[in-house]
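In: Sequence and predicted structure, then a few things I'm wondering about:
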Amino acid sequence: MQWLIENNNSSKEAAPDNGNRFLVGNGYMGIRGTLDEHGRDQLAAVNLAGIYDRVGDGWREPLNAPNPLHTVIYAEGKALALPEMEAVHHVQSLDFYHAILMRKTTWKTPKGAVTVESRRFADMVHPHLIGQEFTVSVDAPMEIQILAEIDTDIWEIYGPHYNKIEYSRENDNLYCLAYVQNGRDQVAVGRKCRISGQADQNDRFERGEKAGAFIYDLHMEPGKPVTLKSVCAVYTTNDEAEPLAAVQAALREEHDFEALLDTHKEAWDKIWAVGQVELEGDDMARDCINYSLYHLNCIAPRHRNDLSIPARGLSGQTYKGAVFWDSEMFILDYFLYTQPEVAKSMVRYRIDTLPGALEKAKSYGWQGAFYAWESQEGGYDGCSDYNVTDVFTKRPMRTFFRDKQVHISAAVARAVMLYTDVTGDVSLLAKGGARTVLECARFYYSLLVKRATGDRWEIHDVIGPDEYHERVNNNAYTNKMAAETCRWAIKAAEKLKESDGKAYAEFCVQTNAEEFLPKLSQTVNSIYVPEPNESGVIPQFDGYADLEDTTVQEVRNRLLDPREYWGGAYGVASHTQVIKQADVVTMLEMFHGDYSQEILRKNWDYYEPRTEHGSSLSACMYALLACRFGEPDQAYPFFMKSAQADWLGGGKQWAGLVYIGGTHPAAEGGAWKVLAEGFAGLEWTDNGPILRACLPKGWKRVAFRFCCRGKWYRAEVEPDAAEIIEL
Ligand code: IFM
């Protein structure tokens, strides 16, 4: 396997996609794969994890740091910068084994050709550091100028987030301190520049000065390349009370670029030693799945033990840098089985944000924990009541994601339970995990309604995973997950009681569990979960079958504007059976053991032609379910769609007038789920891990490592054999 992707398209239109596809990151920051000379217009960004700001009435979003990688060359006074100045040769490539972004570009100038080669990495060992190497060569003598800057004119969606910038310098180091509008935070960035070539050439090296930049004036000759090596540092008030002092301390240390790069590579070697997938018989699938895992590893929180992963990773401010159910339902499993410490951090994040969830439930008049739909730090819900802008009126549309997507709390409960089950680490239950699950159950308990004539508990006025149908009653996915959350709460309490009597006693005082749990046990089996109709199809919600039964294409044909939002009050899909993403199918995948294969298949067959797959979360669920009823070839194209979400780029860029582009961690994690839990059929049981494998046509071998209950295993799957080897 080559572990390399390349691109020659440097057009203005390609820049946003390239920024996603060529991203490098280390969990602390994501650096979009734009070129050295790129800035705001090409969406260049050093996106920071876990630090947010809100400007005026705009959406609260994460910060992009001032960009310390901004480097531009001038030949005889003229900037050589893509896309404005066309190149005669250009290639950008990503070594996604070692997370190194490279480019090589040659421009023709009246004096001769100028070539730039560069490399950059977000240091996996020192999460605050970035390395960049930038080499210029010429084929004729000429005057070259290199501008090495910390660029503060950066891409921001709802900025500007900085209201004051201070630059300073010290020998070869440039510093920039940016004051955040919120009046509390600061972001400090530094760049240590070392230019080589002075000593062994008689050329003229003069360093001019510009606030925030070093400018190198060079007389260059053919055969005598000049290399600028930069080591950059980023700290914020999230990390240190005095971030500038932290940057200065980091850069005063003598960092050797090559030595940093070596240890960075070693860190990635270790990640792949446990985290890669071996696949024989389908090179494209092998490359795409590992590329997806590359992206997940770039955004995994390793520098802190209480952070999760936002829906667009660290690819920018899209989706407000917020954590959605994507993390627990789609992304968690890969880390759970390969890097449990990362999974633990993701679960801790939810436990720590329980106070916000309790507060949110209370604000709507409910009890227990209603987690933020778009969770930022402290569990603050970044989701606006008006989350989509109408294409026609340009007015914000009232959407109900924040108030009605109540299934989020069940995803959180699932994460706590799955983490505990698979790792065997019960410590989180005592540290708030059991309470989290119980408060999620209490939330659903408080939502239950009974008709005067009925004998079952229902849940009304919700939005299920399919966001196009708002405010529906008895969404099958939501009801089933709510019932399961109640069972999890009972189980979590039992486990805590068995494992830590003292913590259990505290938990009972805190939650009044001894009074509440019996009530829950009495209720849980009467929570209504819609059942298959005479054709075996489970209605997505009450009245779904009465909606217009038409095709996805027909609904698409009704659009007056391609960016029009399909859901909401008068969206083109709202009054039809066309859905945005897997909904009943997600429920059946989660609880496949409760249904016959025939029911699984019939629902797949019914819902798939009615699904737009307008969310990147959709395809993997269809693929998983097809594996559950033994049709890996039917699963395959959906698996590929998920695995290629970022490999191919593109995807949906707009919801109404709101930009939603970026990377797709849920699709990446979903692809791993399909491979490991679908095709290889990995499942945790009380007797340990098992495989129920079914490989698609042409696949000769799949192998991967995984960890359960502290033991490491290797799954080895061939068309007619599947084996778990304890390591
Ligand atoms: O969480 C998803 C949701 O299910 C569909 N819209 C996008 C969100 C973030 O990925």
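Out: Yep, it's here.

In: Output the below-cut-off pLDDT ranges for the chain.
Out: 198-210, 656 (pLDDT under 70).

In: Give me the residue at the spatial middle of it.
Out: residue 313 (3.1 Å; CA atoms, centre = their mean).

In: how about that residue, phi and psi?
Out: Dihedral pair for residue 313: phi 60, psi -140, per degrees, to the nearest 10.

In: For it, list the residues it contacts.
Out: With contact taken as CB atoms under 8 Å, 6 or more residues apart in numbering, residue 313 is in contact with 23, 25, 30, 295, 298, 299, 662, 663, 665. All C-beta atoms are positioned from the backbone trio N, CA, C, and that covers glycine.

In: Correct me if wrong: the second one contacts residue 301.
Out: Spelled out, it's residue 25. No - assessed by CB atoms under 8 Å, residue 25 is found out of contact with residue 301, at 10.9 Å.

In: Compare those two (neighbour count), which wins?
Out: Between residue 25 and residue 301, counted using other CB atoms under 10 Å, residue 25 has the larger neighbour count: 27 against 24.

In: Kindly provide the distance from that one to residue 303.
Out: 12 Å (CB to CB, to the nearest Å).

In: Now residue 126. Nearest residue, chain neighbours left out?
Out: Nearest non-adjacent residue to residue 126, counting by CB to CB, 6 or more residues apart in numbering: residue 260, 7.2 Å away.

In: for residue 649, that is, sorry about that
Out: Closest residue to residue 649 apart from its sequence neighbours, by CB to CB, 6+ apart: residue 17 at 3.9 Å.

In: my hunch is that that neighbour is in a strand, does that hold up?
Out: No - with DSSP: H, G, I helix; E, B strand; the rest coil as the criterion, residue 17 is assigned helix and is not in a strand.

In: count of residues packed around it?
Out: Neighbourhood size, residue 17 [other CB under 10 Å]: 20.

In: ok, it - contacts?
Out: Contacts of residue 17 (CB under 8 Å, 6+ apart): 649, 650, 661.

In: Tell me the one among the residues you listed nearest to the ligand.
Out: Distances from the ligand to the contacts of residue 17, taken as CB to the nearest ligand atom, are shortest for residue 661 (12.0 Å).

In: Inside strands: which ones of the contacts of residue 313?
Out: 25, 30 (DSSP state E).

In: Tell me the one of the contacts of residue 313 nearest residue 176?
Out: Residue 176 lies nearest to residue 30 out of the contacts of residue 313, by CB to CB, at 19.2 Å.

In: And the nearest residue to that closest one once chain neighbours are set aside, how close does it get to residue 670?
Out: Closest residue in space to residue 30, ignoring its immediate chain neighbours: residue 314 at 2.5 Å, by CB to CB, 6+ apart. In this view, residue 314 and residue 670 are 19 Å apart by CB to CB.

In: cool, and residue 50?
Out: Per CB to CB, residue 50 is found 24 Å from residue 670.

In: Looking at these two, which is more packed in?
Out: Comparing residue 50 with residue 670 by neighbour count (other CB under 10 Å), the higher total belongs to residue 670, at 34 against 24.

In: Can you read off the backbone torsions of the closest residue to residue 547 other than its chain neighbours?
Out: Computed as CB to CB, 6+ apart, the closest residue to residue 547 that is not its neighbour in sequence is residue 577, at 4.9 Å. In terms of degrees, to the nearest 10, the main-chain angles of residue 577 are phi -90, psi 0.

In: wait, doesn't residue 577 sit right on residue 543?
Out: No - counting by CB under 8 Å, residue 577 does not reach residue 543; the two are 10.7 Å apart.

In: Show me which residues of the chain are close to the ligand?
Out: Taking CB under 6 Å from any ligand atom as the criterion, the chain approaches the ligand at residues 311, 319, 324, 325, 326, 465, 467, 615, 617, 666.

In: Highest neighbour count among those residues?
Out: The most crowded member of these, judged by other CB under 10 Å, is residue 324 (29 neighbours).

In: my guess is it contacts residue 371, does it?
Out: No - Residue 324 sits out of contact with residue 371 when judged by CB under 8 Å, with a separation of 9.9 Å.

In: Residues that sit against both of those two, list them.
Out: Joint contacts of residue 324 and residue 371 (CB under 8 Å, 6+ apart) are residue 408.

In: any idea which of the contacts of residue 313 is the one closest to residue 438?
Out: Using CB to CB, residue 665 comes nearest to residue 438 of the contacts of residue 313, at 28.6 Å.

In: got the contact list for the closest one?
Out: Neighbour list for residue 665: 295, 296, 299, 309, 310, 311, 312, 313, 326, 327, 330, 331 [criterion: CB under 8 Å, 6+ apart].

In: and the gap between the first one and the ligand?
Out: Just to be clear, that refers to residue 295. Distance, residue 295 to the ligand, by CB to the nearest ligand atom, to the nearest Å: 14 Å.

In: okay, now residue 305: neighbour count?
Out: As a burial measure, residue 305 scores 14 neighbours (other CB under 10 Å).

In: Skipping its backbone neighbours, what lies nearest it in space?
Out: Leaving aside its sequence neighbours, residue 305 sits nearest to residue 345 (CB to CB, 6+ apart; 4.9 Å).

In: The one you found belongs to a helix, doesn't it?
Out: Yes - under three-state DSSP, residue 345 falls within a helix.

In: Pretty sure it sits against residue 303.
Out: No - Residue 345 is not in contact with residue 303 according to CB under 8 Å; the separation is 9.6 Å.

In: Tell me which of those two has more neighbours.
Out: Comparing residue 345 with residue 303 by other CB under 10 Å, the one with more neighbours is residue 345, at 22 against 17.

In: wait, what's in contact with the more buried one?
Out: 301, 302, 304, 305, 306, 307, 308.

In: And for residue 36?
Out: Shown in contact with residue 36 (CB under 8 Å, 6+ apart): 69, 70, 71, 72, 103, 116, 118, 120, 132, 134.

In: Now it. Its backbone dihedrals?
Out: According to degrees, to the nearest 10, residue 36 has phi -50, psi -40.

In: cool, residue 326 as well?
Out: With angles defined as degrees, to the nearest 10, residue 326 sits at phi -50, psi -40.

In: One more: residue 336?
Out: The phi/psi pair for residue 336 (degrees, to the nearest 10) reads phi -60, psi -40.

In: My guess is it contacts residue 420. True?
Out: No - using CB under 8 Å, residue 336 is not in contact with residue 420; the gap is 10.5 Å.

In: can I get the contacts of residue 36 in JSON lines with secondary structure?
Out: Listed next are the contacts of residue 36 as JSON lines, based on three-state DSSP:
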{"residue": "69", "secondary structure": "strand"}
{"residue": "70", "secondary structure": "strand"}
{"residue": "71", "secondary structure": "strand"}
{"residue": "72", "secondary structure": "strand"}
{"residue": "103", "secondary structure": "strand"}
{"residue": "116", "secondary structure": "strand"}
{"residue": "118", "secondary structure": "strand"}
{"residue": "120", "secondary structure": "strand"}
{"residue": "132", "secondary structure": "strand"}
{"residue": "134", "secondary structure": "strand"}
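
In: Nearest to the ligand among the contacts of residue 665?
Out: Closest approach to the ligand among the contacts of residue 665 (CB to the nearest ligand atom): residue 311, at 3.8 Å.

In: what about residue 540, distance to residue 621?
Out: 14 Å.

In: just residue 249 next, same as before
Out: Separation of residue 249 from residue 621 (CB to CB): 47 Å.

In: neighbour count winner among the two?
Out: Between residue 249 and residue 621, counted using other CB under 10 Å, the more crowded position is residue 621 (30 against 14).

In: give me the element that one is part of.
Out: Here residue 621 is covered by helix 618-628, with elements defined by DSSP states H and E.

In: in the stretch 201-350 of the chain, which spans are strands?
Out: All strands of the stretch 201-350 of the chain, identified by DSSP state E, counting those that start in this stretch, fall at 205-210, 213-220, 226-236, 277-280.
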